[in-house]
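A.B. asks: Pasting the sequence and the predicted model now:
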Amino acid sequence: MRVRRAYRLRQVVNAVNLSTGLGLLLAAAATRRPRGVRRAPDGLLVAAGYRPPFPVAPAFTVGNVILVRGDESGLTDGSRLLRHEARHATQYAWCLGILMIPLYGVCAGASMLLCGDWASYNPFERLAGLADGGYERRPLRPALRRLRAGTSGPP
(Lines give C-alpha, C1' and ligand atoms only; values in the text may rest on other atoms or scores of the structure.)
Protein backbone atom coordinates (compact mmCIF):
# COMPACT_ATOMS: atom_id res chain seq x y z
CA MET A 1 0.00 0.00 0.00
CA ARG A 2 1.46 3.34 -1.05
CA VAL A 3 2.07 5.93 1.67
CA ARG A 4 1.90 9.62 0.82
CA ARG A 5 4.99 11.68 1.71
CA ALA A 6 3.47 13.58 4.67
CA TYR A 7 2.27 10.34 6.22
CA ARG A 8 5.60 8.61 5.58
CA LEU A 9 7.17 11.20 7.90
CA ARG A 10 4.53 10.43 10.57
CA GLN A 11 5.25 6.73 10.11
CA VAL A 12 9.00 7.21 10.57
CA VAL A 13 8.63 9.57 13.56
CA ASN A 14 6.27 7.16 15.33
CA ALA A 15 8.68 4.28 14.70
CA VAL A 16 11.61 6.26 16.09
CA ASN A 17 9.69 7.57 19.13
CA LEU A 18 8.69 3.94 19.91
CA SER A 19 4.94 4.59 20.01
CA THR A 20 4.23 2.29 17.05
CA GLY A 21 6.34 -0.41 18.70
CA LEU A 22 4.24 -0.05 21.85
CA GLY A 23 1.07 -0.28 19.74
CA LEU A 24 2.32 -3.50 18.14
CA LEU A 25 3.18 -4.95 21.57
CA LEU A 26 -0.34 -4.14 22.75
CA ALA A 27 -1.77 -5.75 19.63
CA ALA A 28 0.27 -8.91 20.22
CA ALA A 29 -0.63 -9.13 23.91
CA ALA A 30 -4.24 -8.01 23.97
CA THR A 31 -5.97 -8.94 20.70
CA ARG A 32 -7.31 -12.17 19.32
CA ARG A 33 -4.52 -13.38 17.09
CA PRO A 34 -6.20 -15.12 14.10
CA ARG A 35 -6.59 -11.95 12.06
CA GLY A 36 -3.36 -10.32 13.17
CA VAL A 37 -2.50 -6.81 12.07
CA ARG A 38 -3.53 -5.48 8.67
CA ARG A 39 -2.19 -2.53 6.73
CA ALA A 40 -4.43 0.49 6.31
CA PRO A 41 -3.93 3.64 4.22
CA ASP A 42 -1.14 6.11 4.90
CA GLY A 43 1.10 3.82 6.92
CA LEU A 44 -1.46 2.91 9.54
CA LEU A 45 -1.90 -0.59 10.98
CA VAL A 46 -5.17 -2.03 12.33
CA ALA A 47 -5.45 -4.75 14.97
CA ALA A 48 -8.96 -6.07 15.63
CA GLY A 49 -10.22 -7.98 18.66
CA TYR A 50 -8.77 -5.86 21.49
CA ARG A 51 -9.96 -7.50 24.73
CA PRO A 52 -9.03 -5.52 27.88
CA PRO A 53 -11.73 -3.25 29.33
CA PHE A 54 -9.52 -0.14 29.29
CA PRO A 55 -9.73 2.20 27.48
CA VAL A 56 -13.49 2.09 26.99
CA ALA A 57 -13.47 3.43 23.41
CA PRO A 58 -14.37 1.04 20.58
CA ALA A 59 -11.09 1.99 18.86
CA PHE A 60 -7.96 3.78 20.00
CA THR A 61 -4.57 4.52 18.55
CA VAL A 62 -1.02 4.01 19.83
CA GLY A 63 1.55 5.36 17.39
CA ASN A 64 0.49 4.21 13.94
CA VAL A 65 -1.45 1.21 15.30
CA ILE A 66 -5.23 1.39 15.64
CA LEU A 67 -6.58 -1.15 18.12
CA VAL A 68 -10.24 -2.07 17.67
CA ARG A 69 -12.49 -3.84 20.19
CA GLY A 70 -14.63 -5.89 17.87
CA ASP A 71 -14.20 -6.35 14.18
CA GLU A 72 -12.75 -3.61 12.06
CA SER A 73 -15.86 -2.91 9.98
CA GLY A 74 -16.03 0.73 11.12
CA LEU A 75 -12.48 1.34 9.89
CA THR A 76 -12.96 1.02 6.17
CA ASP A 77 -10.64 3.04 3.95
CA GLY A 78 -11.80 6.66 3.95
CA SER A 79 -14.24 6.25 6.85
CA ARG A 80 -14.69 9.05 9.37
CA LEU A 81 -13.46 6.83 12.19
CA LEU A 82 -10.30 5.94 10.28
CA ARG A 83 -9.62 9.65 9.65
CA HIS A 84 -10.20 10.37 13.35
CA GLU A 85 -7.76 7.67 14.44
CA ALA A 86 -5.24 8.79 11.79
CA ARG A 87 -5.27 12.26 13.37
CA HIS A 88 -4.38 10.62 16.69
CA ALA A 89 -1.43 8.92 14.98
CA THR A 90 -0.25 12.36 13.87
CA GLN A 91 -0.70 13.63 17.45
CA TYR A 92 1.66 10.87 18.65
CA ALA A 93 4.29 12.17 16.25
CA TRP A 94 3.86 15.77 17.46
CA CYS A 95 3.83 14.77 21.15
CA LEU A 96 7.09 12.81 20.92
CA GLY A 97 5.39 9.43 21.07
CA ILE A 98 4.64 7.73 24.34
CA LEU A 99 4.55 11.10 26.13
CA MET A 100 1.13 11.51 24.51
CA ILE A 101 -0.35 8.85 26.80
CA PRO A 102 -0.03 10.81 30.07
CA LEU A 103 -0.86 14.08 28.27
CA TYR A 104 -4.03 12.50 26.87
CA GLY A 105 -4.88 11.14 30.35
CA VAL A 106 -4.59 14.57 31.96
CA CYS A 107 -6.75 16.13 29.23
CA ALA A 108 -9.34 13.35 29.51
CA GLY A 109 -9.49 13.84 33.28
CA ALA A 110 -9.93 17.60 32.87
CA SER A 111 -12.70 17.01 30.34
CA MET A 112 -14.43 14.64 32.78
CA LEU A 113 -14.31 17.31 35.48
CA LEU A 114 -15.62 19.99 33.13
CA CYS A 115 -18.53 18.11 31.58
CA GLY A 116 -18.68 14.49 32.79
CA ASP A 117 -17.31 13.11 29.52
CA TRP A 118 -13.75 12.01 28.58
CA ALA A 119 -13.81 13.54 25.11
CA SER A 120 -15.87 16.73 24.86
CA TYR A 121 -13.28 19.10 26.32
CA ASN A 122 -10.22 16.95 25.60
CA PRO A 123 -8.14 18.90 23.05
CA PHE A 124 -6.77 15.68 21.54
CA GLU A 125 -10.29 14.45 20.75
CA ARG A 126 -11.50 17.86 19.60
CA LEU A 127 -8.55 18.23 17.20
CA ALA A 128 -9.14 14.70 15.90
CA GLY A 129 -12.80 15.57 15.27
CA LEU A 130 -15.35 14.66 17.93
CA ALA A 131 -18.05 13.66 15.47
CA ASP A 132 -15.63 11.61 13.35
CA GLY A 133 -14.73 9.63 16.48
CA GLY A 134 -18.38 9.04 17.32
CA TYR A 135 -18.47 11.53 20.20
CA GLU A 136 -21.12 14.13 20.93
CA ARG A 137 -20.04 17.44 22.36
CA ARG A 138 -21.49 17.74 25.86
CA PRO A 139 -22.08 21.04 27.64
CA LEU A 140 -20.14 22.21 30.64
CA ARG A 141 -21.48 21.13 34.03
CA PRO A 142 -24.27 23.48 35.23
CA ALA A 143 -22.13 25.16 37.93
CA LEU A 144 -19.42 25.89 35.37
CA ARG A 145 -21.96 27.24 32.89
CA ARG A 146 -23.19 29.66 35.57
CA LEU A 147 -19.62 30.73 36.34
CA ARG A 148 -18.95 31.25 32.65
CA ALA A 149 -22.12 33.35 32.33
CA GLY A 150 -20.96 35.46 35.29
CA THR A 151 -23.72 34.44 37.68
CA SER A 152 -23.41 32.57 40.93
CA GLY A 153 -26.83 30.96 40.72
CA PRO A 154 -29.45 30.89 43.46
CA PRO A 155 -28.37 32.14 46.92
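C.D. replies: Thanks, I have it. Keep in mind that this is a model prediction, so the values were computed, not measured.
A.B. asks: can we go C-alpha only for contacts and neighbour counts from here?
C.D. replies: OK.
A.B. asks: Buried residues, stretch 22-33. List them.
C.D. replies: Buried residues in stretch 22-33, counted by 16 or more other C-alpha atoms under 10 Å: 22-24, 26-27, 30-32.
A.B. asks: Next: stretch 116-135.
C.D. replies: For stretch 116-135, the neighbour count (16+ other C-alpha under 10 Å) marks 116-122, 124-126, 128-130, 132-133 as buried.
A.B. asks: try stretch 61-71
C.D. replies: With burial defined by 16+ other C-alpha under 10 Å, the residues of stretch 61-71 counted as buried are 61-70.
A.B. asks: Give me the contacts around it.
C.D. replies: Here stretch 61-71 makes contact (C-alpha atoms under 8 Å, 6 or more residues apart in numbering) with 11, 14-15, 18-24, 27, 43-51, 58-60, 85-86, 88-89, 92-93, 97-98.
A.B. asks: count of neighbours near the closest residue to residue 141 other than its chain neighbours?
C.D. replies: Distances taken as C-alpha to C-alpha, 6 or more residues apart in numbering place residue 115 nearest to residue 141, at 4.9 Å, with adjacent residues excluded. Residue 115 sits with 19 neighbouring residues when counted by other C-alpha atoms under 10 Å.
A.B. asks: any idea how far residue 115 lies from residue 97?
C.D. replies: Applying C-alpha to C-alpha, to the nearest Å, one obtains 28 Å for the distance of residue 115 from residue 97.
A.B. asks: And residue 14, by the same measure?
C.D. replies: Counting by C-alpha to C-alpha, the gap from residue 14 to residue 97 is 6 Å.
A.B. asks: and these two? which has more neighbours close in?
C.D. replies: For residue 14 versus residue 97, neighbours defined as other C-alpha under 10 Å are more numerous around residue 14 (28 against 23).
A.B. asks: How about the contacts made by the more buried one?
C.D. replies: Taking C-alpha under 8 Å, 6+ apart, one finds 20, 63-64, 89, 92-93, 96-97 in contact with residue 14.
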